[in-house]
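K.L.:
Fold the following and give me the result.
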Amino acid sequence: MRILITGICGFVGSTIARTWLDHFEGVRISGIDWLGRRGSESNLADLKGKGIQVVHGDIRAASDVEMLAAADLVIDAAANPSVLAGVDGQTSARQLVEHNLGGTVNLLEFCRRHDAAFSLLSTSRVYSIPALREIPLQVAKERFVPGDVLPEHVSSAGISENFSTTAPVSLYGATKLASEAIALEYAHSFGFPAWINRCGVMAGGGQFPRPDQGIFAFWIHAWAARKPLKYLGFGGHGHQVRDCLHPRDLIPLLHAQADYRGGDKNPIQNLAGGIASARSLRELSSWCEDRFGAHSVTEDGSDRAFDLPWVVLDHARASKQWEWQPQTSTSDILDEIAGHAEENPGWLARSL
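P.N.:
Below is the predicted model:
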């Protein structure tokens, strides 16, 4: 099997590449990365040392993609993953669209030419911000939990794939939602498989964290380094909740998608740690205090446009269709991040 991974030098892409080689024989992995994300260059030598061909290129450039060797499966792990992208003054909206949507179109053209399966790593951010904010919540101990009467497509297990994707979803979310739609249209028109994998928060050791992405890794690294931390929004109490997933847990499902050419499975599925993995910021702080000792966190109830109080994805569809379950517990993920933080005290400065 020939696998092409975009964004292969990023945390998710590099983890998928390494884990796949460790678990499956007879696979040839190649990748493309523009090395624009700070820290990503640190994975380059290791990947090449494992026999992985890494092309320094940009998926926004059709000519760069056209020159890539043929593949049986394309895993699209390249994106600007920040919900603030295009509006924070660090990247333009046009750059965001060119990267997240234009790059995907170039990859779909690649799949059409080579009859390759396409697996898009999408995001929970395709779900409607107003609808998510309207989910009734109550505080239980140190976190928000869903109320007794919930809207359609929400349960105590999380948000299903049929939850509203009505705008606004952020510019970032819109580029991923548009990529989902165009991928499904390409698959229907040209007859190759396209899979839409809506991922929760990815987390693990070696991640390049920022406050607006990779919150579990950012919080632990910042706590270990005694950097300023702040509970933002929702009263400033840190009750907001996210689930988390280690990217190596994606491998069994991605492998199954690579080989599957049937038409009986829904192409869209949530992939996340689910309710068992969910933690609030305050719970994460308690964990950090036990591991690293006390550290103060500022409380700031200021509301921000893209912040959400409770986002937990229900992965029941993936479990039913693919017999998939996350394998790495949240405690193991947090331990892995903490160990990396202790071994690499300057990692946060390197990533930001």
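
K.L.:
number of nearby residues for the closest residue to Gly39 other than its chain neighbours?
P.N.:
The shortest distance from Gly39 to any residue other than its chain neighbours is 3.8 Å, reached at Phe208 (Cβ to Cβ, 6 or more residues apart in numbering). Where you see a C-beta, it was placed from the backbone N, CA and C, and this is true even at glycine. One way to gauge burial is a neighbour count; for Phe208, by other Cβ atoms under 10 Å, it gives 22.

K.L.:
next one: Tyr260
P.N.:
Tyr260, neighbours per other Cβ under 10 Å, totals 15.

K.L.:
List the contacts of the spatially closest residue to it that is not a sequence neighbour.
P.N.:
By the measure of Cβ to Cβ, 6+ apart, the closest residue to Tyr260 outside its immediate chain neighbours is Pro193, 6.6 Å from it. For Pro193, the contacting residues are 117-118, 187, 257, 260-261, 267, by Cβ atoms under 8 Å, 6 or more residues apart in numbering.

K.L.:
which among these end up buried?
P.N.:
By the neighbour-count criterion of 16 or more other Cβ atoms under 10 Å, the contacts of Pro193 include these buried positions: 117-118, 187, 257, 267.

K.L.:
how about Gly296, secondary structure?
P.N.:
Heads up, residue 296 is Ser, not Gly. Per DSSP: H, G, I helix; E, B strand; the rest coil, the secondary structure class of Ser296 is coil.

K.L.:
still on that earlier bit, got a pLDDT number for the residue nearest to Tyr260?
P.N.:
We have a pLDDT of 97 for Pro193.

K.L.:
which residue ranges form the helices in the chain?
P.N.:
Across the chain, reading from the start of the chain, the helices by DSSP state H fall at 11-23, 44-49, 62-66, 93-97, 103-114, 129-133, 171-190, 215-224, 251-259, 281-292, 316-322, 330-343, 347-351.

K.L.:
now these as a markdown table including distance to Gly31 and mean pLDDT?
P.N.:
Formatted as a markdown table, the entries for the helices of the chain read as follows, by distance: least, Cβ to Cβ, whole Å; pLDDT from 0 to 100:
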| stretch | distance to Gly31 | mean pLDDT |
| --- | --- | --- |
| helix 11-23 | 6 | 96 |
| helix 44-49 | 7 | 94 |
| helix 62-66 | 12 | 97 |
| helix 93-97 | 21 | 93 |
| helix 103-114 | 12 | 98 |
| helix 129-133 | 33 | 97 |
| helix 171-190 | 19 | 97 |
| helix 215-224 | 22 | 97 |
| helix 251-259 | 14 | 95 |
| helix 281-292 | 32 | 98 |
| helix 316-322 | 24 | 98 |
| helix 330-343 | 22 | 98 |
| helix 347-351 | 20 | 84 |
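
K.L.:
got these as a markdown table, with distance to Leu73 columns?
P.N.:
Formatted as a markdown table, these follow (distance: least, Cβ to Cβ, whole Å):
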| stretch | distance to Leu73 |
| --- | --- |
| helix 11-23 | 10 |
| helix 44-49 | 17 |
| helix 62-66 | 15 |
| helix 93-97 | 25 |
| helix 103-114 | 9 |
| helix 129-133 | 32 |
| helix 171-190 | 13 |
| helix 215-224 | 27 |
| helix 251-259 | 4 |
| helix 281-292 | 35 |
| helix 316-322 | 15 |
| helix 330-343 | 26 |
| helix 347-351 | 29 |
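
K.L.:
Give the full set of residues in contact with Leu352.
P.N.:
Neighbour list for Leu352: 38, 210 [criterion: Cβ under 8 Å, 6+ apart].

K.L.:
at 7 Å instead, please
P.N.:
If a contact means Cβ atoms under 7 Å, 6 or more residues apart in numbering, then Leu352 has Arg210 as its contacts.

K.L.:
Next: His99.
P.N.:
Counting by Cβ under 7 Å, 6+ apart, His99 has contacts 60, 79-80.

K.L.:
run the last query once more with 6 Å
P.N.:
60, 80 (Cβ atoms under 6 Å, 6 or more residues apart in numbering).

K.L.:
What's the separation between it and Phe218?
P.N.:
22 Å (Cβ to Cβ, to the nearest Å).

K.L.:
And Glu266, its phi and psi?
P.N.:
Small correction: residue 266 is Asn, not Glu. Summarising the backbone geometry of Asn266 under the convention degrees, to the nearest 10, its torsions are phi -70, psi 130.
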